[in-house]
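>>> Show me the folded form of this:
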Amino acid sequence: MSGTYRDLKVWQAAIEMVPEVYCLTRGFPREEVYGLTSQLRRAAVSVASNIAEGKGRSSDRELLYFLSNAKGSLFEMETQVMIAERLDYLSHSQSEHLLPKTAEVGRLLNGLMKAFRNIPAA
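Got it, this is the predicted structure:
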């Protein structure tokens, strides 16, 4: 697969979530700045960052490792969104707006991982 990480649909979808997460977390309580606010922001940044780092690696095995890390960060992010809603830091409509985007990134990640797992070793 040629091109850079910026050409990957999954990276593009992941990077689009970051400003939205930052915007949504601005409304979190001040005492959460080092807690849930920071965790959610880091998880969102980590998804896109791991995809980029994996694409920059020299082997498919390394790429799969970083895509797996991205998937883990995505699951963290989804969980943190649900926690934020239960704590009334996010409204139901805010989380319902963001969660389909995380699901789409997850589908794209799964597809990319499957494609690289099916490439025969050289």
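>>> How about the secondary structure of the most centrally placed residue in the chain?
A centroid search over the chain (C-alpha atoms, centre = their mean) returns V47, at 3.3 Å, as the residue closest to the centre. The three-state label given to V47 by DSSP: H, G, I helix; E, B strand; the rest coil is helix.
>>> need the contact list for it.
Residues in contact with V47 (C-beta atoms under 8 Å, 6 or more residues apart in numbering) are A14, M17, A70, S73, L74, M77, V105. Every C-beta, even on glycine, is put in place using the N, C-alpha and C of the backbone.
>>> 6 Å instead?
Contacts for V47 were tallied using C-beta atoms under 6 Å, 6 or more residues apart in numbering; they are A14, A70, S73, L74.
>>> can you check Q94 too?
Residues in contact with Q94 (C-beta under 6 Å, 6+ apart) are L24.
>>> cool, and Q39?
So Q39 contacts Q80 (C-beta under 6 Å, 6+ apart).
>>> how about it, phi and psi?
Main-chain torsions, Q39, degrees, to the nearest 10: phi -60, psi -40.
>>> got any ranges where this structure has weak pLDDT?
1-2, 119-122 (pLDDT under 70).
>>> again, only this time at 80
The chain contains residues with pLDDT under 80 at 1-2, 118-122.
>>> how close does I15 sit to A52?
9 Å (C-beta to C-beta, to the nearest Å).
>>> can you map out the helices along this protein?
Ranges of helices in the chain, per DSSP state H, are 9-25, 36-55, 60-86, 92-117.
>>> Format these as CSV; extra columns: distance to G3.
Formatted as CSV, those follow (distance: least, C-beta to C-beta, whole Å):
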stretch, distance to G3
helix 9-25, 10
helix 36-55, 9
helix 60-86, 13
helix 92-117, 13
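>>> Tell me which of those helices is the most buried.
Across the helices of the chain, averaging neighbours per residue (mean count of other C-beta atoms under 10 Å) puts helix 36-55 on top, at a mean of 21.
>>> Let me know the angle separating that helix from helix 9-25.
Helix 36-55 and helix 9-25 are oriented at 170 degrees to each other (axes from the mean of the first three to the mean of the last three C-alpha atoms, to 10 degrees).
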